[in-house]
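> Sharing a sequence plus its predicted fold:
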Amino acid sequence: MSEKPPILLWYRRDLRLSDHPALSAACASGHPVIPVFINDEGVDRLGAAPMWRLGLGVETLAKTLEKKGSRLILRKGLAQEVLEALVKETGACGVYWSRSYEPVLQDRDANIKSALKDNGVEARSFSGHLLFDPWSVQTKTGGFYKVYSPMWKAVKDSEIDAAVSAPSSIPAPDTWPSSDDLSDWSLGARMKRGADIVRQHIDVGEEAAQTRLGVFIRSIIDGYDTTRDLVAEDGTSRLSAHLSLGEISPRSCWHAGRRALEEGKGGAETFLKELVWREFAYHLLHHTPRITSDNWREEWDAFPWNEDERLKEVQAWKHGRTGIQFVDAGLREMYVTGTMHNRARMIVASYLTKHLLSHWKIGLAWFEDCLVDWDPASNAMGWQWSAGSGPDATPYFRVFNPVTQLDKFDKNRTYVSRWIAEGRSNPSDTALSYFDAIPESWNMSADDDYPKPVVAADEGRKRALNAYEKREF
């Protein structure tokens, strides 16, 4: 064995080598480093698409580590039990990891840290998934921010440490512990035939993330203020999945955005605001963990949302068959690509919660199963914002009109044509691929007639406002 005992580097949602504080600290320690990924209780609860995408990210990380002369050790089981077993097998003197901010995982990690320290093992957690730890940003009175704009003003001029390059080498142990075979985990099993379709539309890994950031800063960010809402254009950063899985650090994105701002690129500040909007979501997740499961605004608890997913209107929504083009196009984009344009997400969410008066939890769970860029904090805050029950939410009486919104953000119906096949003599390949991705049990075909609206835009608005007027907010 090496003269010094190794350090276990526990990888989670931080699948990169650059700007990785835990990795940098492990390499600087002078000890051999054993990277580990655990198929643990956090992985077990993921939806179909996020679990599959995680598997792709882990596979790519393993190959990247091999190029550095290292390895990624794979193990399955409860995190604490696996780590304790690896410590015994390897004689490791420490376990390092990047912090998670989901309350259930924070509690688990605290128990793990305590147990390891009790056994004489160094246990250290590091920042890296966020620009600011949620508890480090406070109002002037020492509380937490419940509204986004004041938080943005408080942090926008903060000194944020520069991103750190990947280590030139990762010290390896003389002997490696055994590793599971990633294919045996079958992380993509629940994707079924949809995996082959979605795979064509996603890029995976740290190198792809850095490339995309470069393209965005060079060619897109200058017009980002406008293009980010035009659903048919490549006008967004498309970094959400990479950020969710830590294939790129928020610091790398922040400093790239700051440089663009200093160069006078018009949309740079808006991009920086979007990064802080993500921080705001985690800020709220930490301080009010109920945001993922209960109405953030408790006065909404008595609102009579439909909670029956079997309702035909809800099933039509899930299948992209509402008869409202903007809504259906967005839901089909998600099923084919694993992502959905942010403007479409707002329209899709508003239609479910306001036109169909169905609970935001139904949409939250559907996105959690279908999005490869699923993020626990952003998903929860986005749905509650759209429903009107959340922090800094759209006013409950604001009901997006999905028809006029389409006129505004997809005037030529390019986006709609890209994703809806029914009723078209020559549908696009992307629209047709939807029928190759969906379960056969849905019994849908491109030859079907396009449906009439399950709830028309004007009708839904009137019904929603009527329901709101009967409640006291």
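Arrived safely. If you're wondering where the values come from, they're calculated on a predicted model, not measured in any experiment.
> Which strand runs longest in this protein?
The strand that spans the most residues within the chain, counting by DSSP state E, is strand 33-39.
> helices and strands around that one, which ones?
strand 7-11, helix 21-28, helix 48-67, strand 73-76, helix 79-90 (3 or more CB pairs under 8 Å, 6 or more residues apart in numbering; DSSP states H and E). Using the backbone N, CA and C atoms, a C-beta is placed for each residue, glycine as well.
> After that strand, which helix or strand is next? Please name it.
Next along the chain after strand 33-39, taking DSSP states H and E as the criterion, comes helix 41-44.
> Relative to residue 366, which of the helices and strands packed on strand 33-39 is closest?
Among these, helix 48-67 comes nearest to residue 366, with 10.6 Å by CB to CB.
> The closest one versus strand 7-11: what angle between them?
150 degrees (axes from the mean of the first three to the mean of the last three CA atoms, to 10 degrees).
> List the buried residues for helix 48-67?
Across helix 48-67, burial judged by 16 or more other CB atoms under 10 Å covers 48-62, 64-65.
> Buried residues in stretch 17-25, which are they?
For stretch 17-25, by 16+ other CB under 10 Å, it's 17-25.
> Just the mean pLDDT for the longest strand of the chain, thanks.
Strand 33-39 comes out with an average pLDDT of 98.
> Next: stretch 232-243.
98.
> Low-confidence regions, this protein specifically.
1-2, 393-394, 472-473 (pLDDT under 70).
> Domain map for it?
Using automatic domain parsing, the domain parsing of the chain gives 1-128, 130-159+197-287, 298-468.
> Of all those domains, which one is nearest residue 176?
The nearest among these, by CB to CB, is domain 1-128 at 5.8 Å.
> in the stretch 301-450 of the chain, which spans are helices?
312-318, 325-337, 342-350, 360-370, 376-387, 402-409, 414-419, 429-437 (DSSP state H, counting those that start in this stretch).
> Assess the claim that residue 203 and residue 212 are in contact.
Yes - assessed by CB atoms under 8 Å, residue 203 is found in contact with residue 212 at 6.7 Å.
> of the two, who's got more company?
Between residue 203 and residue 212, residue 212 has the larger neighbour count (other CB atoms under 10 Å), namely 19 against 15.
> residue contacts, residue 372?
Counting by CB atoms under 8 Å, 6 or more residues apart in numbering, residue 372 touches 49-50, 52-53, 198, 202, 241, 338-339.
> Which one of those residues is nearest to residue 228?
Closest to residue 228, out of all of the contacts of residue 372 and judged by CB to CB, is residue 339, at 14.0 Å.
> Over to that closest one: give its phi and psi.
Dihedral pair for residue 339: phi -130, psi 170, per degrees, to the nearest 10.
> Begin at 35, not 1, for the rest of this chat.
New numbering, starting at 35: the last item is residue 373.
> Just give the number of residues close to the closest residue to it other than its chain neighbours.
The shortest distance from residue 373 to any non-neighbouring residue, by CB to CB, 6 or more residues apart in numbering, is to residue 407 (5.4 Å). Per other CB under 10 Å, the neighbour tally for residue 407 reads 24.
> So what's the residue count around the residue lying closest to residue 142 once chain neighbours are set aside?
With sequence-adjacent residues excluded and distances taken as CB to CB, 6+ apart, residue 142 is closest to residue 113, at 6.7 Å. Using other CB under 10 Å, residue 113 has 22 other residues around it.
> my guess is residue 113 contacts residue 73, does it?
No - here residue 113 lies out of contact with residue 73, judged by CB under 8 Å, at a distance of 9.7 Å.
> picking that back up, what's the closest of the helices of the stretch 335-484 of the chain to residue 307?
helix 376-384 (13.0 Å).
> tell me which residues in that closest one are buried?
For helix 376-384, by 16+ other CB under 10 Å, it's 377-384.
> ok, the closest residue to residue 317 other than its chain neighbours to residue 329 distance?
Using CB to CB, 6+ apart and skipping the chain neighbours, the partner closest in space to residue 317 is residue 168 (4.7 Å). Note on residue 168: its distance to residue 329, by CB to CB, to the nearest Å, is 21 Å.
> now swap in residue 191 and tell me
Taking CB to CB, one finds residue 191 at 34 Å from residue 329.
> more crowded one of the two?
residue 329 (21 against 7).
> Give me the spatial nearest neighbour of residue 184, chain neighbours excluded.
residue 173 (7.2 Å).
> ok, the one you found touching residue 189?
No - Residue 173 lies out of contact with residue 189 (CB under 8 Å); the separation is 11.7 Å.
> Secondary structure element holding residue 130?
Short version, using DSSP H and E: residue 130 is in strand 128-132.
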